[in-house]
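Trainee: Mind folding the following:
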Amino acid sequence: MKKALLIVIIILLLLSTAFIVNLFIKGYQSKNMKNKNTFNGQTLGTCPDKPNCVSTFNSKDSKNYITPLEVSKLDFKLKEMDTEGFTVIKSEDNYLYLTHKSTLFGFIDDIEILYSPENKLIHFRSASRVGYSDLGANRKRIEKLKDRLRQL
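Mentor: Model (predicted):
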């Protein structure tokens, strides 16, 4: 009985170690990928059917949909946003492309923000470069960015 319990414990330790090593490998892979911006000059991309991405350009009934932010300010400029905690890849008056690196495993996520002055909406897309689930990290990140933008 003790021998069987010891074998089970060893197997569980090996599996958990392999899982954690795999997370570090995925984090390393995401750092070495090319930038994944989707901006085509007018819109941002939609998300694939994976729970590690949110976009205002997905259909409203999609689990990947997130609502855009309404802006009332006439002279609004995304460049004025506080980008602390992000790496700015591209910055224009109406478009920001940022990346975010997770603390523990170093996963890189791509974040795009597009201001549409015609309808006074700020659109978002945030996606993990690797993996399937992000445990809601991209959705939470966009909600925090919305809070920053409301203060401009």
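Trainee: in this protein, which spans are helices?
Mentor: 2-31, 137-150 (DSSP state H).
Trainee: pLDDT below threshold where in this structure?
Mentor: Where the chain drops to pLDDT under 70, the residues are 23, 27-28, 74.
Trainee: Most distant residue from the centre of the protein?
Mentor: Farthest-out residue of the chain from its mean C-alpha position, per Cα atoms, centre = their mean: Met1, at 47.3 Å.
Trainee: Give me the neighbour count for Phe76.
Mentor: The number of residues packed near Phe76 is 17, by other Cβ atoms under 10 Å. For glycine as for every other residue, the C-beta is placed from the backbone atoms N, C-alpha and C.
Trainee: now do Asn35
Mentor: Asn35: 11 neighbours (other Cβ under 10 Å).
Trainee: burial of Ile10, as a residue count?
Mentor: With other Cβ under 10 Å as criterion, Ile10 counts 10.
Trainee: just the helices of the chain: most buried one?
Mentor: Mean neighbours per residue, mean count of other Cβ atoms under 10 Å, is largest over the helices of the chain for helix 137-150, with a mean of 17.
Trainee: Which other helices and strands does that helix contact?
Mentor: Secondary-structure packing of helix 137-150 (3 or more Cβ pairs under 8 Å, 6 or more residues apart in numbering; DSSP states H and E): strand 53-55, strand 69-70, strand 108-116, strand 121-128.
Trainee: Could you give the separation of it from the chain centroid?
Mentor: 10 Å (Cα atoms, centre = their mean, to the nearest Å).
Trainee: same check, this time on stretch 126-141
Mentor: Offset of stretch 126-141 from its chain centre (Cα atoms, centre = their mean): 5 Å.
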